[in-house]
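> below are the sequence and a predicted model for it; my questions follow.
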Amino acid sequence: MENKPEIGEVIDRLWNKWWRKEGVESISDEDVDGELCVVFFVSCPEIRKNVYPQSVEGYKVIVRKTGKIVRQ
């Protein structure tokens, strides 16, 4: 079993790097078919998946289109 960092730590580092780049609205974690993944929620009209990493620090990356997220 590989020694991966906690996914919350990975998301914190990604958040600092990716916040507002390429329409990134949020970054979260999600269980996809039994595998914990990092999810980029993106509001770009056209998602260019080649812009985002396929994996980061041992976690698969999923890119999902979302609407604009308004923070209050």
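Now that the structure is in, tell me what you want to look at.

> how far away is residue 60 from residue 67?
Noted for residue 60: a distance of 24 Å to residue 67, by C-beta to C-beta, to the nearest Å. (C-beta placed from N, C-alpha, C; glycine too.)

> you'd agree residue 15 is in a strand?
No: under DSSP: H, G, I helix; E, B strand; the rest coil, residue 15 falls outside any strand and is assigned helix.

> quick one, what contacts it?
Going by C-beta atoms under 8 Å, 6 or more residues apart in numbering, residue 15 touches residue 27.

> more crowded one of residue 60 and residue 67?
Taking other C-beta atoms under 10 Å, residue 60 and residue 67 do not tie; residue 60 has more neighbours (15 against 8).

> the more buried one pairs with what?
Beta bridges link residue 60 to residue 55, judged by DSSP bridges.

> surely it meets residue 33?
No: assessed by C-beta atoms under 8 Å, residue 60 is found out of contact with residue 33, at 9.9 Å.

> got the confidence number for the residue at minimal distance from the centre of the chain?
The residue lying closest to the centre of the chain (C-alpha atoms, centre = their mean) is residue 40, at 2.9 Å. Note for residue 40: predicted pLDDT of 91.

> can you name the helix or strand that it falls in?
strand 35-42 (DSSP states H and E).

> neighbouring strands - and their directions - for that strand?
Counting by DSSP bridges, strand 35-42 is paired with strand 24-32 (antiparallel), strand 59-65 (parallel).
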